[in-house]
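Colleague: Sequence and computational prediction follow.
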Amino acid sequence: MDKNLKMIPVSRIFSNVHYEVPIYQRNYAWETDQIEQLIEDINSSKDDYFLGNLIVNQKENNVYEVIDGQQRLTTLYLLERYLGIPFAKDALRFEAREKSNRTLSALPDTNQLTDELQSAEIKSGFKIIDDYFEKMGLKSEQESFIRRLDKVNLIRVQVPAKIDLNHYFEIMNTRGEQLELHEIAKANFLSKIESKEDKAIANDIWEYCSNMDSYIQMNYPKDKRDKIFNSDWSDLSVKTVNFDSLRSYYHDVVIVDEKMSLRDILQGKGKTKDSNNDSEEPENERFESIISFPNFLLQVNAALTRSSNDDDDSSLDDKNFLINLEKNWKDESSAKDFLFMLLKSRVLFDKFVLKREYARDYKETGKWSLQKLEKYTDNKGNKPKYVGTFGGDEDNRNKQIRTLQSALRITYTSPKTMHWISLILTSCLNNDDSDILQILEAYGQTKVDASGYTTATGFSFERIVFSYLDYLLYRNGYSYNGKEVVRPLADDWQFQFRSSIEHFYPQHPTELVVWANEDLNCFGNLALITVSGNSTFNNAMPVGKASTNPGIIEQSLKLKIMTEMMRQNDNNWNQELAHKHQREMFNVLEKG
């Protein structure tokens with residue numbers, strides 16, 4: 001097993017180890033259904049049973065920060081305390097949540113704590129466990145249950161060193177989808193297609209489109225790549241106009257058996273086996289898609305049916321996955337049409353929707369990338385090259401569209417809210433000359449206007465207001481008292497994964513007086529930064545934040561302007577400056 005992976009019996013998950021749940025993780029939130037299901041999974045397991053992954057970041061020897069899996073881990077802590085399994089009371093701790101920590105330490109007897117001193121959620125979770133053991137008659141079988149924990153395993157996954165944890169956390173959020181459903185959808189699509197040749201074509205489209213972390217052209221084997229795509233690989237060939245037009249490229253061995261059942265397909269018997277896909281390029285080590293393949297399927301489906309202003313979250317919700325797609329496999333014709341549009345949309349997606357790229361100087365952390373693939377030829381043969389989609393990587397229009405898309409990406413992090421992607425696909429499918437910049441700016445401005453930002457306060461400001469404002473500042477630049485603070489289209493600035501509203505003047509200052517609510521929570525005193533940046537700033541005063549953490553200041557162009565205003569005011573950030581900044585930023589948003 002990889003050195004970063006360790007399989008651990010649940011009975012020993014808290015032995016000689018300490019887990020910390022960082023402040024940016026949500027509170028413990030599991031309720032009856034999830035807790036009882038976990039206990040039932042353990043109780044009904046036979047032989048060895050795999051309970052899932054626990055993603056961690058090792059901070060020091062035997063101390064791990066929990067990145068993903070804290071709800072399950074907390075429930076296991078409650079369960080094992082209930083069963084009386086010995087381990088240190090501080091084996092699990094929540095950062096900056098003393099009620100939670102106090103309640104965990106007091107278990108199993110929380111009556112020693114008043115209601116004001118304990119976490120209602122953790123107390124409730126412990127009671128749900130007690131009630132379940134009572135109603136299922138398991139109290140008399142606790143020893144047997146404890147022995148079963150020896151055969152129930154978690155895999156503790158250590159994230160790579162130097163990884164951007166803010167990025168990783170967003171990726172976990174983005175990709176926490178039901179990945180098995182797309183295999184059921186594939187089985188339904190292939191079951192509607194009659195001939196061997198057409199099944200092979202359909203199977204290839206599905207399999208090659210499913211690899212989201214490389215450009216679709218490079219997923220196809222070389223012989224088909226040169227036929228399906230045009231001479232420089234940048235688009236579909238003029239002869240590739242529908243599903244049936246792909247038949248002429250499939251005169252070789254047919255892989256998919258026309259008599260395969262749904263069970264055969266689901267078991268992977270229709271997987272493509274390429275003998276000639278010997279591409280030398282490490283494509284899936286360089287690029288990272290911003291959505292998973294199941295989400296891409298929903299995006300394509302939404303693009304084919306959406307109206308220009310239709311943001312229906314249910315259309316992109318994986319809970320409705322099969323229901324949303326089933327109309328596309330009602331018969332052979334509809335199945336073929338959708339599969340061809342899937343291929344066409346994937347070409348458009350790769351060209352017009354940004355990715356994360358890991359290359360050269362930014363291989364560790366990645367960089368937003370909006371590039372199209374083109375072919376070039378050297379003495380070793382044909383190879384791909386990646387150039388800015390709109391006139392080159394550093395062309396102003398390409399930088400502007402890339403930055404606007406990244407603003408939307410870091411704002412709408414849940415796949416079911418990424419409607420801007422289907423908006424791009426719809427526009428490009430309907431019109432080869434779509435003005436993507438104009439479309440996305442109109443979309444962003446509409447979202448800002450609909451947020452009611454002029455009457456919002458504090459944490460009620462929607463994230464799109466901060467993100468779109470920073471995009472406008474990036475696009476136009478900004479000067480304060482004659483000094484250029486933000487240079488238009490600055491080459492070295494990119495959006496980070498930000499989700500935490502920061503009060504520049506702190507909510508709980510340790511040195512000076514507390515501001516009145518209308519001053520503290522006005523837009524001029526707020527900025528959007530990463531969760532780790534917010535934790536680092538804590539309750540420091542503005543001048544301390546600016547002087548000791550310039551990298552965090554750079555996360556927000558708005559915050560950069562606030563810092564310059566403070567410096568020009570003898571390093572004094574006050575209520576008057578905050579309200580002045582609010583007026584100026586609202587003016588930027590109103591002009592759009």
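Modeller: Happy to help now that I have it.
Colleague: what distance separates the longest helix along the chain from the middle of the whole chain?
Modeller: Using DSSP state H, we find that the single longest helix of the chain is helix 332-352. Helix 332-352 sits 23 Å away from the centroid of its parent chain (C-alpha atoms, centre = their mean, to the nearest Å).
Colleague: just stretch 215-231 next, same as before
Modeller: Between the centre of stretch 215-231 and the centre of its chain there are 29 Å (C-alpha atoms, centre = their mean).
Colleague: That stretch spans what distance, first to last residue?
Modeller: End-to-end span of stretch 215-231 (C-alpha to C-alpha, to the nearest Å): 16 Å.
Colleague: which parts of that stretch are buried?
Modeller: Of the residues in stretch 215-231, those buried under the neighbour-count criterion (16 or more other C-beta atoms under 10 Å) are 215-221, 224-226, 228-229. Heads up, the C-betas are built off the backbone N, CA and C, glycines and all.
Colleague: Filter those residues down to the ones in strands?
Modeller: When strands are assigned by DSSP state E, not one member of the buried residues of stretch 215-231 lies inside them.
Colleague: ok so, going back, average pLDDT for the longest helix of the chain, rounded please.
Modeller: Along helix 332-352, the predicted local confidence has a mean pLDDT of 98.
Colleague: and that helix, what does it pack onto?
Modeller: Packed against helix 332-352 by the contact rule (3 or more C-beta pairs under 8 Å, 6 or more residues apart in numbering; DSSP states H and E) you find helix 181-191, helix 196-210, helix 216-219, helix 293-305, strand 371-378, helix 419-430.
Colleague: buried ones in the fourth one?
Modeller: It stands for helix 293-305. Residues of helix 293-305 classed as buried by neighbour count (16+ other C-beta under 10 Å): 293-304.
Colleague: Now do it and helix 419-430, the angle between them.
Modeller: 50 degrees (axes from the mean of the first three to the mean of the last three C-alpha atoms, to 10 degrees).
Colleague: quick one, phi psi at the closest residue to T417 other than its chain neighbours?
Modeller: Of all residues beyond its chain neighbours, the one nearest T417 is D313 (6.2 Å), with distances taken as C-beta to C-beta, 6 or more residues apart in numbering. The main-chain torsion angles of D313 are listed as degrees, to the nearest 10 and equal phi -60, psi -30.
Colleague: D313: neighbouring residues, count only.
Modeller: Counted with other C-beta atoms under 10 Å, the neighbours of D313 add up to 13.
Colleague: and if you look at the one 4 residues further on?
Modeller: D317 is surrounded by 17 other residues when neighbours are defined as other C-beta under 10 Å.
Colleague: Name all residues that make contact with the closest residue to it other than its chain neighbours.
Modeller: Nearest-residue entry for D317: K416, 4.4 Å, with adjacent residues in sequence omitted and distances by C-beta to C-beta, 6+ apart. Contacts for K416 were tallied using C-beta atoms under 8 Å, 6 or more residues apart in numbering; they are 313-314, 316-318.
Colleague: Looking at those residues, which is nearest R148?
Modeller: Of all those, the one sitting nearest R148 is D318; the distance, using C-beta to C-beta, is 31.6 Å.
Colleague: Okay, that closest one and T530: tell me how far apart.
Modeller: With distances taken as C-beta to C-beta, to the nearest Å, D318 is found 26 Å from T530.
Colleague: neighbour-wise, which of these two wins?
Modeller: When neighbours are counted by other C-beta under 10 Å, D318 and T530 differ, and T530 comes out ahead with 25 against 20.
Colleague: one step back: would you turn the contacts of K416 into TSV with secondary structure and distance to S195?
Modeller: Putting the contacts of K416 into TSV (DSSP: H, G, I helix; E, B strand; the rest coil; distance: C-beta to C-beta, whole Å) gives the following:
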residue	secondary structure	distance to S195
D313	helix	38
S314	helix	35
L316	helix	33
D317	coil	34
D318	helix	32
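Colleague: Out of the residues you listed, which is nearest to L83?
Modeller: Of all the contacts of K416, L83 sits closest to D318, with 34.4 Å by C-beta to C-beta.
Colleague: pretty sure E285 is touching Y358, no?
Modeller: Yes: the pair E285 and Y358 qualifies as a contact (C-beta atoms under 8 Å) at a distance of 7.2 Å.
Colleague: After the least confident helix or strand in the chain by mean pLDDT, heading C-terminal, what element do we hit next?
Modeller: Taking mean pLDDT, DSSP states H and E as the measure, the helix or strand of the chain with the lowest value is helix 262-266, at a mean of 49. Per DSSP states H and E, helix 262-266 leads on to strand 287-288 as the next helix or strand towards the C-terminus.
Colleague: on that earlier part again, for the helices and strands packed on helix 332-352, give me JSON lines that also has distance to E95 and mean pLDDT.
Modeller: Written out in JSON lines, the entries for those read as follows (distance: least, C-beta to C-beta, whole Å; pLDDT from 0 to 100):
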{"stretch": "helix 181-191", "distance to E95": "35", "mean pLDDT": "84"}
{"stretch": "helix 196-210", "distance to E95": "38", "mean pLDDT": "93"}
{"stretch": "helix 216-219", "distance to E95": "42", "mean pLDDT": "96"}
{"stretch": "helix 293-305", "distance to E95": "31", "mean pLDDT": "95"}
{"stretch": "strand 371-378", "distance to E95": "39", "mean pLDDT": "93"}
{"stretch": "helix 419-430", "distance to E95": "33", "mean pLDDT": "95"}
